[in-house]
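In: Coordinates only, no sequence provided:
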Ligand SMILES: CC(C)NC(=O)[C@H](Cc1c[nH]c2ccccc12)NC(=O)[C@H](CCCC/N=C(/NCCC(=O)O)S[C@H]1O[C@H](COP(=O)(O)OP(=O)(O)OC[C@H]2O[C@@H](n3cnc4c(N)ncnc43)[C@H](O)[C@@H]2O)[C@@H](O)[C@H]1O)NC(=O)OCc1ccccc1
């Protein structure tokens with residue numbers, strides 16, 4: 001592969017599974033315990049904000065457990081980025097901060113970040129590691145009960161779509177890691193990259209819903225297949 005062509009990497013919950021975070025659709029996944037319609041939509045937040053806040057407060061406290069650390073797959077991606085001379089963009093669907101902690105720089109959280117909050121009154125967005133169910137005041141405008149998790153719910157527009165679409169339209173290699181390919185528009189990125197003439201590769205525990213769209217696939221735990229593929 002020409003060392004100056006661009007690379008786009010898409011990651012999903014599977015890359016953080018071996019760090020101790022649950023995925024969504026596996027047997028012990030998040031959506032096996034709670035319906036996304038009840039906790040991850042604007043309608044759910046309007047209907048029962050305390051329930052939604054409690055759902056994300058619990059995931060935030062889980063993420064801040066010292067036992068949850070970046071794994072060999074997160075680290076291999078950060079190391080590869082630092083030595084790749086051409087354009088590189090890591091697009092994650094994950095709202096955890098494990099890519100950030102592993103040292104990834106050219107990183108887009110297209111579905112938001114669990115450790116950030118957003119104010120519905122003054123539009124402030126920033127790091128907020130405390131619970132939101134206790135209705136803390138906005139650090140910027142000081143009004144209580146106006147903070148929501150800075151995450152993208154179903155039916156909401158993902159973040160930085162222009163930057164992502166541009167990178168997909170100019171990349172030479174698209175790598176998808178630890179995602180089931182069930183959620184859009186992320187599930188359509190492989191098709192966009194292929195249309196741009198990119199080689200497309202899936203690294204996953206098992207074939208995803210979009211496996212047929214990829215030129216190639218390596219299957220197994222991310223902490224094994226990702227370092228093997230990138231080293
Ligand atoms: C359910 C689905 C059908 N619905 C959608 O896709 C909807 C609606 C929709 C839009 N277009 C469509 C077209 C067709 C059908 C439906 C739609 N999409 C939206 O609403 C999106 C917004 C969706 C975002 C919702 N928020 C999330 N997260 C944040 C919150 C939160 O986290 O609580 S989605 C959330 O679920 C998704 C879960 O997927 P995965 O990460 O893949 O996880 P999953 O558990 O499914 O799979 C894990 C995989 O890992 C593998 N694995 C497991 N262990 C390992 C291991 N150890 N190693 C390697 N792999 C492993 C497994 O085998 C498995 O394959 C992720 O995106 C994740 O972020 N917004 C939007 O479309 O706005 C308009 C628009 C349109 C065009 C262009 C721009 C805008």
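Out: Okay, I see it. Being a predicted model, the structure only gives us computed values, none of them experimental. Numbering: from 1, shown residues only.

In: Name the next helix or strand following the longest helix that the chain contains along the chain.
Out: Assignment by DSSP state H gives helix 49-63 as the longest helix of the chain. Note on helix 49-63: by DSSP states H and E, the next helix or strand toward the C-terminus is helix 72-83.

In: Mind giving me the packing neighbours of the host helix or strand of residue 126?
Out: Assigned by DSSP H and E, residue 126 belongs to strand 125-127. The contact analysis (3 or more CB pairs under 8 Å, 6 or more residues apart in numbering; DSSP states H and E) places strand 125-127 against strand 112-119. C-beta here means a position set from N, CA and C on the backbone, and glycine is covered the same way.

In: which helices and strands does the strand it packs on pack with?
Out: Where contact means 3+ CB pairs under 8 Å, 6+ apart, strand 112-119 is packed against helix 49-63, strand 125-127, strand 147-151.

In: still on that earlier bit, who does the longest helix of the chain touch, helix- and strand-wise?
Out: Short answer (3+ CB pairs under 8 Å, 6+ apart): helix 49-63 packs on helix 36-39, helix 42-47, strand 112-119, strand 147-151.

In: what does the first one contact?
Out: Which is helix 36-39. Residues outside helix 36-39 that contact it (CB atoms under 8 Å, 6 or more residues apart in numbering) are 43-44, 48, 51-52, 55-56, 154.

In: Got a quick PyMOL command for the buried subset of those?
Out: With 16 or more other CB atoms under 10 Å as the criterion, this PyMOL line picks the buried residues out of the contacts of helix 36-39:
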select buried, resi 44+52+55+56
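
In: Can you give me the domain assignment for the chain?
Out: What automatic domain parsing lists as the domains of the chain is 1-20+70-111+158-231, 22-67+113-151.

In: Indicate which one of those domains is closest to the ligand.
Out: Comparison of the domains of the chain against the ligand by CB to the nearest ligand atom identifies domain 1-20+70-111+158-231 as nearest, at 2.3 Å.
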